[in-house]
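Chemist: What shape does this take:
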Amino acid sequence: MKNVRTNGQRKRVFIRTYGCQMNVYDSDRMADVLRPLGYALSEDPEHADLVVLNTCHIREKASEKVYSELGRLRDLKIERRRAGGDLAIAVAGCVAQAEGEEIIRRQPAVDIVVGPQAYHRLPELLARVARKADERLFDGRRRPGAGVLDTEFPAESKFDHLPAPSEADVRAGSAFLSIQEGCDKFCTFCVVPYTRGAEYSRPATAVLQEARALAAAGAVEITLLGQNVNAYHGEGVDGSAWTLARLIRALAEIDGLVRLRYTTSHPRDMDDDLIAAHGCVPQLMPYLHLPVQSGSDRILEAMNRGHDRDHFRRLVDRLRAVSPDLALSSDFIVGFPGESDADFDDTMRLVDEIGFASAYTFKYSRRPGTPGAALGDQLSDGAKTARLGALQSLLGDQQRAFNESKVGTVVPVLFAEAGRKPGQVLGKSPWLQSVYVEGDADMIGSIVNVRLLAAYALSLSGEVVSKQPFGVAA
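Modeler: Numbers count the residues shown, from 1 in each chain. Coordinates of the predicted model:
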């Protein structure tokens with residue numbers, strides 16, 4: 001199919017991505033699905049024929065932000081029609097899954113609502129929209145039933161219907177690869193089991209095939225993705241169930257891949273083999289994102305996390321025993337219903353005892369349909385704000401201290417983009433720190449040895465030592 005409009009111009013799609021790396025991966029694959037239909041990527045919605053909002057339901061007021069954006073797109077759609085054109089609007093991702101019919105009811109300008117397990121059917125959904133063109137009215141409204149909704153959890157895996165990855169899926173030598181989706185943990189604050197469904201692990205053969213394609217397209221670093229990525233249990237090449245550690249060892253044998261990462265993990269799924277892999281697989285970067293959420297046993301139980309603070313501390317001790325330079329990142333929620341001053345103090349003590357290189361922190365917010373939303377003893381926003389500030393201050397001090405500990409060392413940096421200043425490039429260290437150096441754009445996509453000279457709150461600066469790779473070991 002030619003990549004053209006009926007008037008001879010290229011069709012264009014603008015995809016706005018909210019949320020996590022999983023959504024970034026999904027957005028890339030949506031672009032892959034749409035490419036055979038003639039859609040090239042647009043940098044803004046004003047020049048697009050199709051706009052896709054790939055949404056996330058984790059952050060506070062996520063749906064309100066989506067509806068606000070849809071209001072602006074509705075106005076753009078009306079303006080486009082007055083000029084004799086049109087604009088198709090699609091809402092994808094977790095907000096689409098959670099609020100599908102409500103989105104169509106509240107914003108009739110939306111043409112398609114598609115959940116995260118069904119976006120491989122976008123071509124079919126666009127065809128259905130075209131067949132319903134006579135049901136759309138000029139001012140952005142539509143007759144009842146004109147919007148197309150697909151939020152079913154299909155029996156077949158969407159991965160079986162996605163195109164093979166290409167150079168477009170590799171950014172500056174780095175790529176995401178989704179290996180696991182869904183969650184069976186049912187933490188009381190989380191919507192993921194309801195929006196992404198039950199845990200599903202892709203067969204190892206399919207993962208390895210995609211990884212080889214990404215490496216052939218220029219990827220030197222791959223980040224493995226999953227809602228509970230370390231719960232991976234896909235069918236192995238030998239027919240047995242492979243763990244994440246077994247998969248990582250197979251991926252490490254692919255020529256050209258010198259960096260492997262994975263996210264997001266759950267403490268309950270850090271098995272012995274995966275811990276050992278951090279000490280013996282040189283391609284596995286010395287960085288681990290391991291959410292703990294709280295340092296209070298009482299709150300962890302209320303969250304249905306399935307582990308206590310001592311379990312988390314023992315995991316960290318074992319990981320650091322095999323990988324002493326491991327950088328640890330985590331997630332924290334403050335203000336969970338019923339969290340007392342003593343509970344919050346337990347969280348602060350855990351942070352102080354363990355020490356984190358980085359972290360993501362959130363104020364608890366109700367998610368409709370989750371058990372936590374029905375709990376009493378909800379804290380005031382003022383109390384949550386104060387606790388969040390105190391926690392962020394402590395974590396910020398730890399992050400800066402970790403950055404400062406690397407000053408004077410020579411590390412391999414994978415450069416990803418131009419810096420803010422002319423003649424500056426930005427990359428990532430093995431510990432996922434942002435590193436700025438003076439350099440040329442031809443460094444982007446390559447791993448370069450850098451001596452770290454100065455540390456800041458969120459980044460480091462350095463100087464290029466050699467453009468020869470530091471080696472696969474980090």
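
Chemist: alpha carbons only for contacts and neighbour counts from here, please
Modeler: Will do.

Chemist: how about the nearest residue to residue 306, chain neighbours excluded?
Modeler: Leaving aside its chain neighbours, residue 306 sits nearest to residue 268 (7.0 Å; criterion: Cα to Cα, 6 or more residues apart in numbering).

Chemist: what's the burial count for the one you found?
Modeler: Using other Cα atoms under 10 Å, residue 268 is surrounded by 16 other residues.

Chemist: Does it touch residue 308 like I think?
Modeler: No - with contacts counted by Cα atoms under 8 Å, residue 268 stays clear of residue 308, the gap being 10.0 Å.

Chemist: ok, which stretches of the stretch 1-150 of the chain are strands?
Modeler: Here the stretch 1-150 of the chain has its strands, by DSSP state E, counting those that start in this stretch, at 11-17, 39-41, 50-55, 88-93, 112-114, 148-150.

Chemist: So what touches the helix or strand that the last one is followed by?
Modeler: Per DSSP states H and E, the first helix or strand lying C-terminal to strand 148-150 is strand 174-178. Residues lying outside strand 174-178 but in contact with it, judged by Cα atoms under 8 Å, 6 or more residues apart in numbering, are 21-22, 25, 169, 207, 210-211, 214, 219-226, 445.

Chemist: Could you list the low-confidence segments of the stretch 51-200 of the chain?
Modeler: Under the criterion pLDDT under 70, the flagged ranges of the stretch 51-200 of the chain are 59-61, 133-146, 154-156.

Chemist: ranges for the helices of the protein?
Modeler: 21-34, 62-82, 94-106, 122-131, 192-195, 204-216, 244-251, 272-280, 297-302, 309-322, 341-354, 381-405 (DSSP state H).

Chemist: Model confidence for the closest residue in space to residue 349 that isn't next to it in sequence, exactly?
Modeler: Once flanking residues are discounted, residue 349 sits nearest to residue 295: 7.5 Å by Cα to Cα, 6+ apart. Per-residue pLDDT puts residue 295 at 98.

Chemist: And for residue 450?
Modeler: pLDDT at residue 450 comes out at 96.

Chemist: ok, it touching residue 461?
Modeler: No - using Cα under 8 Å, residue 450 makes no contact with residue 461, being 9.2 Å away.

Chemist: Leaving aside the residues adjacent along the chain, what's closest to residue 18?
Modeler: Excluding the flanking residues, the one nearest residue 18 by Cα to Cα, 6+ apart is residue 55, at 5.1 Å.

Chemist: if I pick the one you found, what's in contact with it?
Modeler: Counted by Cα under 8 Å, 6+ apart, residue 55 has contacts 17, 18, 19, 23, 62, 66, 91, 92, 93, 94, 95, 96.

Chemist: Could you do residue 160 as well?
Modeler: Contacts of residue 160 (Cα under 8 Å, 6+ apart): none.

Chemist: quick one: it from residue 208, how far?
Modeler: 14 Å (Cα to Cα, to the nearest Å).

Chemist: same check, this time on residue 17
Modeler: Applying Cα to Cα to residue 17 and residue 208 gives a distance of 26 Å.

Chemist: still on that earlier bit, which residues does the residue nearest to residue 18 form a beta bridge with?
Modeler: Taking DSSP bridges, one finds residue 93 as the beta-bridge partners of residue 55.

Chemist: any idea how far residue 108 is from it?
Modeler: Counting by Cα to Cα, the separation of residue 55 from residue 108 is 18 Å.

Chemist: next one: residue 277
Modeler: Taken as Cα to Cα, the span from residue 277 to residue 108 is 51 Å.

Chemist: for residue 29, same thing?
Modeler: 26 Å.

Chemist: how many other residues sit next to residue 424?
Modeler: Around residue 424 there are 15 residues (other Cα under 10 Å).

Chemist: How about residue 99?
Modeler: 16.

Chemist: likewise residue 131?
Modeler: Neighbours of residue 131 (other Cα under 10 Å): 11.

Chemist: Residue 263 now?
Modeler: 22.

Chemist: wait, it sits on residue 222?
Modeler: No - counting by Cα under 8 Å, residue 263 sits too far from residue 222 to count as a contact (11.1 Å).

Chemist: Any buried residues in stretch 384-399, and which?
Modeler: 384, 387, 388, 391, 392, 395, 396, 397, 398, 399 (16 or more other Cα atoms under 10 Å).

Chemist: Pipe those into a markdown table and attach distance to residue 349 and pLDDT per row.
Modeler: Below are the buried residues of stretch 384-399 laid out as a markdown table (distance: Cα to Cα, whole Å; pLDDT from 0 to 100):
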| residue | distance to residue 349 | pLDDT |
| --- | --- | --- |
| 384 | 18 | 96 |
| 387 | 13 | 98 |
| 388 | 14 | 97 |
| 391 | 10 | 98 |
| 392 | 13 | 98 |
| 395 | 12 | 98 |
| 396 | 15 | 97 |
| 397 | 14 | 97 |
| 398 | 13 | 98 |
| 399 | 16 | 97 |
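
Chemist: Reformat these as TSV; add distance to residue 11.
Modeler: Output for those, formatted as TSV (distance: Cα to Cα, whole Å):
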residue	distance to residue 11
384	47
387	49
388	45
391	47
392	45
395	46
396	45
397	49
398	48
399	45
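
Chemist: Residue 450 and residue 461: which is more packed in?
Modeler: Neighbours were counted for residue 450 and for residue 461 using other Cα under 10 Å; residue 450 has more, 25 against 18.

Chemist: what pairs with that one across the strands?
Modeler: residue 411, residue 464.

Chemist: got the contact list for residue 94?
Modeler: 54, 55, 56, 57, 115, 116, 195, 196.

Chemist: so where's the stretch 351-474 of the chain uncertain?
Modeler: 467-474.

Chemist: rerun that using 90 as the cut-off
Modeler: Within the stretch 351-474 of the chain, the segments meeting pLDDT under 90 span 365-370, 372-378, 419-421, 440-441, 466-474.

Chemist: could the helices of the chain go into JSON lines alongside distance to residue 367?
Modeler: Conversion of the helices of the chain to JSON lines gives the following (distance: least, Cα to Cα, whole Å):
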{"stretch": "helix 21-34", "distance to residue 367": "19"}
{"stretch": "helix 62-82", "distance to residue 367": "10"}
{"stretch": "helix 94-106", "distance to residue 367": "10"}
{"stretch": "helix 122-131", "distance to residue 367": "27"}
{"stretch": "helix 192-195", "distance to residue 367": "10"}
{"stretch": "helix 204-216", "distance to residue 367": "32"}
{"stretch": "helix 244-251", "distance to residue 367": "30"}
{"stretch": "helix 272-280", "distance to residue 367": "32"}
{"stretch": "helix 297-302", "distance to residue 367": "15"}
{"stretch": "helix 309-322", "distance to residue 367": "25"}
{"stretch": "helix 341-354", "distance to residue 367": "21"}
{"stretch": "helix 381-405", "distance to residue 367": "16"}
